[in-house]
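J.: would you be able to build a 3D model of this:
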Amino acid sequence: MMVVNKIQPSQLAEEQRNASRLFKQLESEITTLIATRPSVTERDVRQFTGKILALDRAYPLPLLGAMIEKFPAKFSPAKWTSPDQYSPSPRKSPDKYDTNGWSAQLEEEMSSILSVIKQKDKQDYMRLGNIALKLNKALAVTGPFLTAAAAAASAFGVPIAAAAAGALAAAVNTLEHGCQVGMVVEMYRNNAGFFDTLENTIGGALKEEDPRRRENGEILERKVAMSLGRSLSEMRELAWKATTTTEESEEVAEFASKLF
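T.: I've put the predicted structure just below:
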């Protein structure tokens with residue numbers, strides 16, 4: 001029981017499910033780059049190599065080497081991106097007034113969406129993840145302790161205490177692994193990592209003052225809308241609500257994502 005509680009099989013399964021999905025997404029990005037670019041640069045190779053290594057560090061193969069700490073002191077989101085991802089190369093355009101799809105209105109919209117992601121979606125998953133992690137820690141320790149207590153009571157000839165401790169141990173073990181608490185922790189960690197990545201993508205673009213060095217604004221707007229499961233009109237409406245409530249010193253009640 002102690003070995004199973006330490007390894008957390010349900011959490012390992014969820015980790016590898018997420019890793020498979022992210023590697024397939026990365027494969028699709030590389031395939032699209034090769035198909036749409038006339039030539040692949042050395043910078044592209046370095047950027048995708050960094051992404052692969054970052055993803056490998058975030059989701060190592062379990063039981064074969066480094067394994068993610070199942071009971072960390074503090075809950076933190078999964079990180080599978082590299083710093084180079086948020087520094088696109090400058091566009092070669094002679095027009096210094098080229099806005100690269102950006103406008104003051106779009107910057108304000110992205111800033112408002114970023115605020116909602118930070119204050120609502122990411123914060124909520126961090127809160128739920130902390131609760132699930134504490135519960136998982138308590139169950140992982142309580143199960144083996146009660147089992148040992150049952151064995152000791154049986155050895156000392158106290159059948160009632162042995163039966164009670166054994167029944168409690170079975171209940172705790174069933175709650176932990178039957179309800180897949182480890183998988184829930186990993187789900188919250190991955191979802192928080194998703195919003196952390198989205199936050200860094202938007203924030204990295206807004207920090208760059210030169211629009212020509214950013215990702216194209218219109219493309220980024222569509223990518224963010226798709227990531228949040230919203231249409232462009234729905235996302236713009238959410239940005240308007242966030243701006244209005246901020247001006248009125250209130251917090252927007254709606255979450256940014258409609259997927260999770």
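J.: in the longest helix along the chain, what counts as buried?
T.: Longest helix of the chain, by residue count under DSSP state H: helix 123-155. Applying a neighbour-count criterion of 16 or more other C-beta atoms under 10 Å, the buried positions in helix 123-155 are 124-126, 128-129, 132-133, 135-137, 139-140, 142-144, 146-147, 149-150, 153. For every residue, glycine as well, the C-beta is placed using N, CA and C.
J.: Tyr125 reaches Met187, doesn't it?
T.: No - with contact defined as C-beta atoms under 8 Å, Tyr125 does not reach Met187; the gap is 9.0 Å.
J.: can you give me the helices for this structure?
T.: Going by DSSP H, the chain shows helices at 2-7, 9-36, 42-58, 104-116, 123-155, 159-173, 181-207, 217-227, 232-247.
J.: quickly compare the ones you listed and say which is most buried.
T.: helix 181-207 (a mean of 21; mean count of other C-beta atoms under 10 Å).
J.: what packs against it?
T.: helix 9-36, helix 104-116, helix 123-155, helix 217-227 (3 or more C-beta pairs under 8 Å, 6 or more residues apart in numbering; DSSP states H and E).
J.: who are the contact partners of the residue nearest to the spatial centre of the chain?
T.: Centroid check for the chain by C-alpha atoms, centre = their mean gives Gly193 as the closest residue, at 1.9 Å. Residues counted as contacts of Gly193 (C-beta atoms under 8 Å, 6 or more residues apart in numbering) are 58, 77-80.
J.: ok, these vs Thr174, which is closest?
T.: Using C-beta to C-beta, Ala78 comes nearest to Thr174 of those, at 27.8 Å.
J.: check what pLDDT the residue nearest to that closest one when sequence neighbours are not counted gets.
T.: The shortest distance from Ala78 to any non-neighbouring residue, by C-beta to C-beta, 6 or more residues apart in numbering, is to Gly193 (3.3 Å). Per-residue confidence (pLDDT) for Gly193: 93.
J.: again with His177
T.: Looking at His177, the pLDDT reads 89.
J.: run a quick neighbour tally on it.
T.: 19 (other C-beta atoms under 10 Å).
J.: from what I can see it touches Ser10, true?
T.: Yes - using C-beta under 8 Å, His177 makes contact with Ser10 at a distance of 6.8 Å.
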